[in-house]
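Colleague: Here is a sequence together with a model predicted from it:
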Amino acid sequence: MTSPQEDEVRSWVAQARTIVVKIGSSSLTGASGHLDARRLERLVGSIAHARMSGARIVVVSSGAIAAGFGLLGFPSRPRDVVTQQATASVGQGLLMAHYETAFARYSIRVGQILLTAQNTIQASQYRNAQRTLSRMLDLGVVPIVNENDALASNEIRFGDNDHLSALVANIVRADALVLLTDVDGLYTAPPSDPDARRIGYVPDIASVLRTVDVGGSESGVGTGGMVTKLEAARIAAASGIPTVLASAEDAGPALMGDPVGTVVAPIRHRGSSRRLWIGFAAEPRGIVVADAGAAHAVASGRASLLSAGVVGASGDFSAGDPVWIDDENGMHVAKGLSGFDSEEIPRMAGRKTGELRRELGPEYVHPVVHRDDLVLVVGRPSDGARRTAVDGV
Ligand SMILES: Nc1ncnc2c1ncn2[C@@H]1O[C@H](COP(=O)(O)OP(=O)(O)O)[C@@H](O)[C@H]1O
Ligand SMILES: N[C@@H](CCC(=O)OP(=O)(O)O)C(=O)O
């Protein structure tokens with residue numbers, strides 16, 4: 001896919017049927033860091049307008065911790081994770097009450113969905129979330145999604161909602177992702193730098209990730225800063241979804257595809273929902289090691305991994321579970337769904353199709369990982385699954 005022009009990408013946003021709008025804590029709070037009901041109402045006004053114009057909208061809203069800490073008598077947002085989780089459980093109810101009332105003015109119903117990273121990792125839970133969100137949208141409801149902070153385990157918490165919003169965009173097969181924050185787009189450097197300039201259009205997210213100086217949150221209430229927003233935009237771009245990064249003050253024009261903030265072009269046509277899940281959400285449960293020839297064939301993007309090219313497997317996984325395909329140097333080549341249980345693979349390794357049929361039976365004559373069930377990755381195991389480039393992006 002050649003890079004489209006900015007106008008074209010903006011027009012895709014303007015025509016989007018399903019839009020995921022992520023609202024950061026910094027967009028819902030005042031100078032004190034507490035929830036600011038008037039800001040929330042203004043934002044809801046813009047979102048309701050887009051909804052009433054026919055768009056199906058999913059809101060991914062942060063702000064539970066901001067809504068809760070004042071109620072519990074804390075002078076500022078708590079820093080330790082357990083207190084944040086307890087605070088979020090208090091604030092989430094209040095946050096929803098505000099959304100409920102604000103959307104009711106436009107006769108729009110809202111519904112709460114709280115997700116943990118675990119829900120997106122497990123295929124069955126991912127599908128459940130997909131079914132529920134899709135029915136809510138069919139019913140005209142605006143789902144309000146947040147991380148299930150109280151239950152999210154420390155190690156795999158999203159922490160910020162940027163990554164979650166990109167996964168939700170995949171789950172609902174959104175046509176646009178709009179990330180609303182307290183800065184009017186991506187700058188060449190953190191906005192506190194006097195030389196920082198706004199970038200209106202990003203045709204190639206991969207090059208921006210290499211060249212722009214992004215920093216963390218400077219607001220004191222937000223979590224990920226621009227780093228996690230660009231990561232979300234990368235996931236969206238690789239999934240065929242344009243992203244708009246804009247100030248919450250510009251929510252209306254951003255949702256209409258007007259030239260505000262920064263728009264990031266998609267870099268490929270949308271893949272299948274299953275491949276998107278494998279690429280961005282599935283957590284591998286083991287490793288299948290490929291010899292040099294098989295690793296090269298898989299990396300070319302056209303071949304399945306056959307048992308003849310497998311040298312071994314590690315981890316405890318069942319057929320259908322996500323696994324890494326590594327080369328013999330321990331580099332990830334691909335991520336895919338295994339066709340076999342981990343204990344079956346050693347006796348299949350190195351055997352050609354004819355041998356498998358003769359010695360193990362016809363049920364063993366299919367790829368260890370089928371090419372339709374894998375995505376190519378670039379990166380070392382230590383980079384972690386989430387930061388590993390998928391299909392080269
Ligand atoms: N290159 C950059 N361009 C724009 N903003 C940046 C950049 N680097 C860091 N930031 C910071 O990212 C912040 C937005 O992220 P964050 O505070 O986490 O907001 P939110 O609560 O909306 O997720 C901005 O206020 C800004 O200070
Ligand atoms: N789930 C948390 C989100 C934490 C957070 O600050 O996220 P963000 O503002 O998106 O960087 C909450 O609702 O407070």
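Modeller: Yep, that arrived. Numbers count the residues shown, from 1 in each chain. Ligands and ions are numbered 1, 2, ... in the order given.

Colleague: Show me which positions of stretch 288-306 end up buried.
Modeller: Within stretch 288-306, the residues that count as buried by 16 or more other CB atoms under 10 Å are 288-291, 294-295, 297-299, 303-306. For glycine as for every other residue, the C-beta is placed from the backbone atoms N, C-alpha and C.

Colleague: and it, how far out from the chain's middle?
Modeller: 27 Å (CA atoms, centre = their mean, to the nearest Å).

Colleague: Return that stretch as CSV; C-alpha atoms alone will do.
Modeller: What follows is stretch 288-306, C-alpha atoms only, in CSV (Å, rounded to 0.1, in the frame of the first residue of the first chain):
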residue,chain,number,x,y,z
VAL,A,288,8.5,-24.0,18.4
VAL,A,289,12.0,-23.9,17.0
ALA,A,290,12.5,-23.9,13.2
ASP,A,291,15.7,-24.9,11.4
ALA,A,292,17.3,-22.3,9.1
GLY,A,293,15.4,-23.3,6.0
ALA,A,294,12.0,-23.4,7.6
ALA,A,295,12.7,-20.1,9.5
HIS,A,296,13.6,-18.5,6.1
ALA,A,297,10.5,-19.9,4.4
VAL,A,298,8.2,-18.7,7.2
ALA,A,299,9.9,-15.3,7.3
SER,A,300,9.2,-14.9,3.5
GLY,A,301,5.5,-14.6,4.5
ARG,A,302,4.2,-17.3,2.3
ALA,A,303,5.0,-20.6,4.0
SER,A,304,3.5,-22.7,6.7
LEU,A,305,5.8,-24.2,9.3
LEU,A,306,6.0,-28.0,8.5
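
Colleague: What are the contacting residues of it?
Modeller: Applying CB atoms under 8 Å, 6 or more residues apart in numbering, the external contacts of stretch 288-306 come out as 308-314, 323-328, 333-334, 336, 338, 345, 353, 367-371, 374, 376, 391.

Colleague: Check these one by one and keep those near ligand 2.
Modeller: Contacts with ligand 2 are made by none of those, judged by CB under 6 Å from any ligand atom.

Colleague: Buried only: go through the residues you listed for me.
Modeller: Using 16+ other CB under 10 Å as the burial test, these include 308-311, 313, 323-327, 333-334, 336, 338, 345, 367-369, 371, 374, 376, 391 as buried.

Colleague: Tell me if residue 21 really is in a strand.
Modeller: Yes - under DSSP: H, G, I helix; E, B strand; the rest coil, residue 21 falls within a strand.

Colleague: Could you measure from it over to ligand 2?
Modeller: According to CB to the nearest ligand atom, to the nearest Å, residue 21 stands 12 Å off from ligand 2.

Colleague: Pull the number of nearby residues for that residue.
Modeller: By other CB atoms under 10 Å, the residues close to residue 21 number 27.

Colleague: How about it, nearest residue that isn't a chain neighbour?
Modeller: Of all residues not flanking residue 21 in the chain, residue 178 sits nearest, at 4.7 Å (CB to CB, 6 or more residues apart in numbering).

Colleague: so how far is residue 285 from whatever residue of the stretch 1-150 of the chain ends up closest to ligand 1?
Modeller: Using CB to the nearest ligand atom, residue 24 is the residue of the stretch 1-150 of the chain that sits closest to ligand 1, at 1.9 Å. With distances taken as CB to CB, to the nearest Å, residue 24 is found 33 Å from residue 285.

Colleague: quick one: pLDDT of residue 221?
Modeller: pLDDT, residue 221: 64.

Colleague: Would you verify that residue 193 is located in a helix?
Modeller: No - according to three-state DSSP, the state of residue 193 is coil, so it is not within a helix.

Colleague: Report how many residues lie close to it.
Modeller: 12.

Colleague: that older thread, name the element the residue nearest to residue 21 belongs to?
Modeller: When elements are assigned from DSSP states H and E, residue 178 belongs to strand 176-181.

Colleague: quick check, that strand touching ligand 2?
Modeller: No - Strand 176-181 does not reach ligand 2 (CB under 6 Å from any ligand atom); its nearest approach is 7.9 Å.

Colleague: Could you list every helix and strand in contact with whatever helix or strand comes next after that strand?
Modeller: On the C-terminal side of strand 176-181, the closest following helix or strand by DSSP H and E is strand 186-187. Secondary-structure packing of strand 186-187 (3 or more CB pairs under 8 Å, 6 or more residues apart in numbering; DSSP states H and E): strand 198-199, helix 225-238.
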